[in-house]
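Participant: One predicted model, sequence on top.
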Amino acid sequence: MKKTVLTISTVAVVGLTGSFFGSTVNAQKSMSDIKDQRAEIKVNLSDAEQKIADVLVELEELNKMIARVDYALGENNKQMKETEDKITGTKKEVEKLEAEIVKLEKEIQERYEIMKDRVASYQKNGGSIGFLEVIFGSESFGDFISRVSAISTITESDANLMEEQEKAKAKVEEKQNTVQNKLDELKDMKAELEEMQSVIVEQKKQNEAAKKELKEKEQRLKSLKANLQSKDSNLAALETEIQRGMTAANNGLNSTSSSSGSRKSSSSYSAPSAPASKVSGNISTVINAGYKYIGNSVYVFGGGRTASDIRNGIFDCSGFIAWAFSQGGISVPASTSQLQYVGKRVSINEIQPGDLVFYNTYKPNGHVGIYIGNGKFIGSQSSTGVAIVDMDTNWWSSRFSGLVRRVR
C-alpha cells in the first residue's frame, strides 16, 4: 500500500515538473515574440508620429495660405468698392458737364442771333459794306466771325459780343474735351473693375480648394491619431500579457527583468533656411529676389508698396517688379503705364534674362513680368501670386503684346 502511494506521488511530482518546464519554455518563446512585436510597433509608432508632424506642418502652411488669400479677398473687395464709387462719381461729373455744355451752346446760339440782327440793322441804316453777304455768305460760324471782325465800322458793343462768343466757344470745346477724358477714364476704371472681379473669383476658388485640402488633412490627422492610439493600446495589452505569462510560468518565483529606459525622442521640423546672399546692383539679384515668394504670396491690386505688404508677400504685378529691381539696387516705377517706357526697347529675338515682358490684359500692356530665360518669366500673377510661368502656353502667348524693355 505504501509502495503504491509512493509511486503515485512520484508520478505527480514528475508531472508537475514537466508542466513547469513546459510553461517556462512557452513563456520564453512568448517573450521573444512579444519583443519582436514591440519592436515592430515602435517602428510603426515612430512612422505615425513623423507623419503627424509632417501633416501639422502642412496644416500650418495651409492656414497661412488661407489667411493670405482671405486678406487678398478683403483688399480686392475694398478696392472694387472704391472703384465703383469712383465710377458713380465720374458719371455724375459727366452729367454735370453735359448740362453745362448744353447751356453754353444755347448761349452761343442766342449771341449768334443777336449779332445777325445787329448786322442786318446796320445794313438797313446805310452801312457801306454788304452785311447781308456777311450773314448769308459765310460757310460756317467761324467764317461768319472772321467776316464780321474784318468790318472796321462795327460798334464796340458788337466787338465785345464777338469776344464773349469766342470765349464761350473755347469754353465749350474745353468742356467737351474734359467730358471725353472723363469718359475714357470711366472706361479704364470699368476694365479694371472687371479684372478685379475675375481675380476675386479666382482667389475664391483657391480659397475653397485650400479649405477642402485642409479638411482632408485634418481627417487624415485624426485617422493617424486613432491608429496611433490603437497601436499604443495593443502595446500595453501585449506588455500585460507577457507579464502575466512570466508570472504564471515562474509560479510565484522571484524573477528579475531588466527594462531599457524609455527613450524620449523628439522631432522638430524646420524649413531649410535660404543661404544669405549679399544684395548687389545686378540683374541676377533682381531675378532671384522673388523666388522666396513662390507659393508664399498673393496678388492684391496696389500691393507691394509698403513694408507690411512686402513682409507678407502681397504684390500686384508692377509692385513686384519695382520691389525685385530695388533688391538689385535699381529703381523703377511701380506702374505698368510707366514701366512700358523705362530702359530701352529690344526685340523678342534679343530678349535676355532680366528683361521686362508685357501682356495685354484689361488694357494694353496691363501686366508685366521679369524674363528669366528658357521662355519663362517670373511675376505676381493674379491667380497664384508670385510664380514662374511659361510664355509659350496658350493663355500667355495669346496675350503677349510684343513689348520687351531692358533696364540696366
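Facilitator: Nice, thanks for sending it over.

Participant: ok, M162 to G343 distance?
Facilitator: Using CB to CB, to the nearest Å, M162 is found at 52 Å from G343. (C-beta placed from N, C-alpha, C; glycine too.)

Participant: Over to D117?
Facilitator: Distance, D117 to G343, using CB to CB: 63 Å.

Participant: Who has more neighbours out of the two?
Facilitator: The neighbour count for D117 versus G343, taken as other CB atoms under 10 Å, is higher for G343 (15 against 11).

Participant: Which residue, neighbours along the chain excluded, lies closest to the more buried one?
Facilitator: In space, and not counting its chain neighbours, G343 is closest to V407: 3.7 Å by CB to CB, 6 or more residues apart in numbering.

Participant: Is the one you found in contact with P333, as I believe?
Facilitator: No - in this structure, V407 is not within contact of P333 by CB atoms under 8 Å, at 10.7 Å.

Participant: Comparing these two, which residue is more hemmed in?
Facilitator: A direct count of neighbours by other CB under 10 Å for V407 and P333 places V407 higher, at 19 against 14.

Participant: quick one: the helices in the stretch 51-200 of the chain?
Facilitator: Per DSSP state H, counting those that start in this stretch, the stretch 51-200 of the chain carries helices over the ranges 131-137, 141-149, 156-250.

Participant: now the longest one: how far from the chain's centre is it?
Facilitator: Mean-position distance between helix 156-250 and its chain equals 7 Å (CA atoms, centre = their mean, to the nearest Å).

Participant: next one: stretch 341-357
Facilitator: Relative to the mean C-alpha coordinate of its chain, stretch 341-357 is positioned 25 Å out (CA atoms, centre = their mean).

Participant: before we move on, the earlier item: same list, the helices of the stretch 51-200 of the chain, but as JSON lines with distance to G385 please.
Facilitator: Output for the helices of the stretch 51-200 of the chain, formatted as JSON lines (distance: least, CB to CB, whole Å):
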{"stretch": "helix 131-137", "distance to G385": "70"}
{"stretch": "helix 141-149", "distance to G385": "58"}
{"stretch": "helix 156-250", "distance to G385": "9"}
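
Participant: returning to that earlier point: what residues are up against the residue nearest to G343?
Facilitator: Taking CB atoms under 8 Å, 6 or more residues apart in numbering, we find V407 in contact with 325, 330, 332, 342-343, 354-356.

Participant: which regions of the stretch 1-150 of the chain lie under the pLDDT threshold?
Facilitator: Across the stretch 1-150 of the chain, residues meeting the criterion (pLDDT under 70) sit at 1-32, 34-35, 37-38, 41, 45, 118-119, 121-150.

Participant: which stretches of the protein form strands?
Facilitator: For the chain, the strands defined by DSSP state E cover 298-299, 314-315, 344-346, 356-359, 367-373, 376-381, 385-390, 400-406.
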